[in-house]
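**Student:** predicted model, plus sequence, below.
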Amino acid sequence: MSELAAVLFDMDGTLVDTETLWWDATEEVAARLGHRLTAADAPEVVGRAVEDTAAHLVRATGTPEATGGAGTTEAGGTSGVASALTTAFRRRVDAGAPLRPGAGRLLAELEREGVPFALVSASPRSVVDAVTGGALAHVPFAFTLSADDTDRTKPHPDPYRTAARRLGVPPASCVAVEDSPDGTASADAAGCVVLVVPSLLPVGPGPGRVFAESLEEVSLATLRGHLRHGRSPAVSPPSAPT
């Protein structure tokens, strides 16, 4: 059985408390399209790539062209809605995105102990750079991967396979830290053990998945334990966050 070779972190909702910011940005753009966002939209919003959420809003409204403020008109179709979502989200990120509880301590421990770690996000490069230049400034990630850096993003396995390949280690020797169903599915499909710390959406149990209520519970020792435990039969998740 391999030792822990690397830790691969999701960004939004895992290291940085941006899921709420993303929801608020989506709510803003949806309102411009004449759609009121509800809990029924959550599976198409939380943890999804920008293009996926944009496509959902276009489907939900049936009107691919939206009127912006001051009489301007945003570009129609999925690409235009995706651009509007990114702009609304960036505005919120630039105003400040706090770290999730325990994230700073865990990252510092991995750095201190010389364990490689990278960022694997489904957000576009512009958003990843904004967050890593703000809330995650001075965190020495080996590298960062965005949705723009692979042909397919989460829930496909490409991001985590690419990250493991860049680190020169097998995915099975990596623990991926995720908060969403799509991110967990991506890391699962790549062959990583997944530590799930749910945020807005519950994540179901499965082989290769272990669960924690918060990163405050997680240390290097527990990550090493999770690598072993994650190859055992499925572990039940904690109760859904409220």
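**Tutor:** Thanks, I have it. Computed from a predicted structure; not experimentally measured. Numbers count the residues shown, from 1 in each chain.
**Student:** care to break this protein down by domain?
**Tutor:** What automatic domain parsing lists as the domains of the chain is 6-17+99-229, 19-95.
**Student:** what's around the residue nearest to Glu217 when sequence neighbours are not counted, how many residues?
**Tutor:** Of all residues beyond its chain neighbours, the one nearest Glu217 is Gly102 (7.3 Å), with distances taken as Cβ to Cβ, 6 or more residues apart in numbering. All C-beta spots, glycine's among them, are computed from the backbone N, C-alpha and C. Around Gly102 there are 17 other residues, counting by other Cβ atoms under 10 Å.
**Student:** residues contacting Gly102?
**Tutor:** 214-218 (Cβ atoms under 8 Å, 6 or more residues apart in numbering).
**Student:** can you verify my assumption that Val115 contacts Glu3?
**Tutor:** No. Shown here, Val115 and Glu3 do not form a contact pair, counting by Cβ atoms under 8 Å, at 10.1 Å.
**Student:** of the two, who's got more company?
**Tutor:** The neighbour count for Val115 versus Glu3, taken as other Cβ under 10 Å, is higher for Val115 (16 against 8).
**Student:** and that one, what does it touch?
**Tutor:** Residues in contact with Val115 (Cβ under 8 Å, 6+ apart) are 4, 6-7, 220.
**Student:** mind giving me the ChimeraX command for buried ones among those?
**Tutor:** Buried residues among those (16 or more other Cβ atoms under 10 Å), as a ChimeraX selection:
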select :4,6,7
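**Student:** what is the longest helix anywhere in the chain packed up against?
**Tutor:** Longest helix of the chain, by residue count under DSSP state H: helix 77-95. For helix 77-95, the packing partners by 3 or more Cβ pairs under 8 Å, 6 or more residues apart in numbering; DSSP states H and E come out as helix 19-32, helix 50-61, helix 125-132.
**Student:** quick revisit: now render the contacts of Gly102 as TSV, adding secondary structure.
**Tutor:** Listed next are those as TSV, based on DSSP: H, G, I helix; E, B strand; the rest coil:
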residue	secondary structure
Ser214	coil
Leu215	helix
Glu216	helix
Glu217	helix
Val218	coil
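**Student:** tell me the two of the contacts of Val115 that are most distant?
**Tutor:** Farthest pair in the contacts of Val115 (Cβ to Cβ) is Ala6 and Leu220. Separation: 12.1 Å.
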